[in-house]
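Peer 1: how would this look folded up:
(one chain, ligands or ions: 1)
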Amino acid sequence: MSELSEAEKPAEATSAPVERPASAEKAVPVKKSAPARKAAAKAAAANAAVAETAPVAPAKPSKPKPKHKPESRTALVRRARRINRELAEVYPYAHPELDFENSFELIVATVLSAQTTDLRVNQTTPALFAKYPTPEDLAAANPEEVEEILRPTGFFRAKTKSVIGLSKALVENFGGEVPGRLEDLVKLPGVGRKTAFVVLGNAFGRPGITVDTHFQRLVRRWRWTEETDPDKIEAAVGALFPKSEWTMLSHHVIFHGRRICHARKPACGACPIAPLCPAFGEGETDPEKAKKLLKYEKGGFPGQRLKPPQSYLDAGGIPAPPLGVTG
Ligand code: SF4
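Peer 2: Alright, predicted model coming up:
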């Protein structure tokens, strides 16, 4: 870039106070004659009129938002799959973050996880399953006693109704077993597609995409889809990946959402997939400041599960504390 000549340089320091000679400040005003005063007043009035009627410079139009670089379908598929591969390297131990020993515990825990954290559910379910280990036990439970146990998960009355109703339906319609088909699962009280896919993917090994709040936020930040309806997101994202990858993809995305790409303060400066992310810069980009935003095992905090899988512990993950234990 060529340097500007002195003449081309913009006038500098126009707002700086202009030094005036001391004599100027003390100068005695020169008395004007009457006609001179009249002419001066006329000129001043004319100047004021000009100032008032001078056309105001039109407000600059606000800068148009930069348009996204269009991305072909092939490029999108490649980028999406690359993000998933990179996340698989970052979170080789990704897993469902609800504690469960069998499909019944998983479906109940998933229903309870609405409007609360997996951690809170994991801290609550040990007491529930110790008292009501089977669908038959929970179907016959006294609702008030179940409510007391579920109180920490919030909306405990509605949740008590759901899990007792769900258990009754399992006993009455499925011989006390959790069915392994989507169409049966979604007929159970309190079970939608999200819960059904969690159960299918993690208790039955059938591929499913879990569109929770993290998943919705991240796939939109990555421009995998513009959809906002969970079922449409599920279909759009599902079309980018082979079915066999759906369950682990869901875990990778949710792990990333919980640990790095947070809703309010994504830690962009510490994000391993930043070069692939169109939303880079939505959060803190300074690496040192971003590191301080990391959560769970990367930031030294326990994960969500009281009984995490061995692979998580081997990687340095820390089990969550039971209910009532702090620190
Ligand atoms: S770069 Fe920022 S917005 Fe993009 S995935 Fe990483 S943390 Fe999220």
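
Peer 1: can I assume Ala80 is in contact with Leu240?
Peer 2: Yes - using Cβ atoms under 8 Å, Ala80 is in contact with Leu240, at 4.5 Å. Every residue, glycine included, has its C-beta placed from N, CA and C.

Peer 1: shared neighbours, these two?
Peer 2: Trp224 (Cβ atoms under 8 Å, 6 or more residues apart in numbering).

Peer 1: how about the helices in the stretch 51-200 of the chain?
Peer 2: Assigned by DSSP state H, counting those that start in this stretch, the helices in the stretch 51-200 of the chain fall at 73-90, 103-112, 118-131, 135-139, 143-150, 156-174, 182-185, 193-203.

Peer 1: looking at the ones you listed, which is closest to the ligand?
Peer 2: Judged by Cβ to the nearest ligand atom, the one of those that comes nearest to the ligand is helix 73-90, at 8.1 Å.

Peer 1: Rounded mean pLDDT for that closest one, please.
Peer 2: Mean per-residue pLDDT for helix 73-90: 98.

Peer 1: And that helix, what does it pack against?
Peer 2: helix 246-259 (3 or more Cβ pairs under 8 Å, 6 or more residues apart in numbering; DSSP states H and E).

Peer 1: any residues touching the helix it packs on, and which ones?
Peer 2: 84, 87-88, 90-91, 94-97, 197, 201-202, 207-210, 212-215, 217-219, 237-238, 241, 263, 273, 294-299, 304.

Peer 1: Can you tell me which of those are buried?
Peer 2: 84, 87, 90-91, 94-97, 197, 201-202, 207-210, 212, 214-215, 217-219, 237-238, 241, 273, 294, 296-298, 304 (16 or more other Cβ atoms under 10 Å).

Peer 1: Residues of the stretch 151-300 of the chain that sit close to the ligand?
Peer 2: The stretch 151-300 of the chain comes close to the ligand at residues 221, 260-261, 266-268, 271, 273-274, 277, 279-280, 282-283, as judged by Cβ under 6 Å from any ligand atom.

Peer 1: Drop anything exposed from those residues.
Peer 2: 221, 260-261, 266-268, 271, 273-274, 277, 279-280, 283.

Peer 1: Same list (those) but as TSV, adding secondary structure and pLDDT.
Peer 2: Shown next, in TSV, are these (DSSP: H, G, I helix; E, B strand; the rest coil; pLDDT from 0 to 100):
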residue	secondary structure	pLDDT
Arg221	helix	98
Ile260	coil	96
Cys261	coil	97
Pro266	coil	97
Ala267	coil	97
Cys268	helix	98
Cys271	coil	97
Ile273	coil	98
Ala274	helix	98
Cys277	coil	98
Ala279	coil	98
Phe280	coil	98
Gly283	coil	97
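
Peer 1: Can you list the low-confidence ranges for this protein?
Peer 2: 1-68, 326-327 (pLDDT under 70).

Peer 1: dump the residue contacts of the residue nearest the centre of it.
Peer 2: Centroid check for the chain by Cα atoms, centre = their mean gives Ala263 as the closest residue, at 2.9 Å. The contact partners of Ala263, taken as Cβ under 8 Å, 6+ apart, are 213, 217, 257.

Peer 1: cutoff 6 Å now
Peer 2: For Ala263, the contacting residues are Arg217, by Cβ atoms under 6 Å, 6 or more residues apart in numbering.

Peer 1: Quick check: it vs Arg221, distance?
Peer 2: 10 Å (Cβ to Cβ, to the nearest Å).

Peer 1: Check Thr228 too.
Peer 2: Taking Cβ to Cβ, one finds Thr228 at 13 Å from Arg221.

Peer 1: Same question for Leu182.
Peer 2: 28 Å.

Peer 1: Cys261 now?
Peer 2: Cys261 is 7 Å from Arg221, by Cβ to Cβ.

Peer 1: just Lys289 next, same as before
Peer 2: On the measure of Cβ to Cβ, Lys289 and Arg221 end up 19 Å apart.

Peer 1: repeat for Phe280
Peer 2: Counting by Cβ to Cβ - Phe280 and Arg221 are separated by 9 Å.

Peer 1: same deal with Pro322?
Peer 2: Pro322 is 34 Å from Arg221, by Cβ to Cβ.
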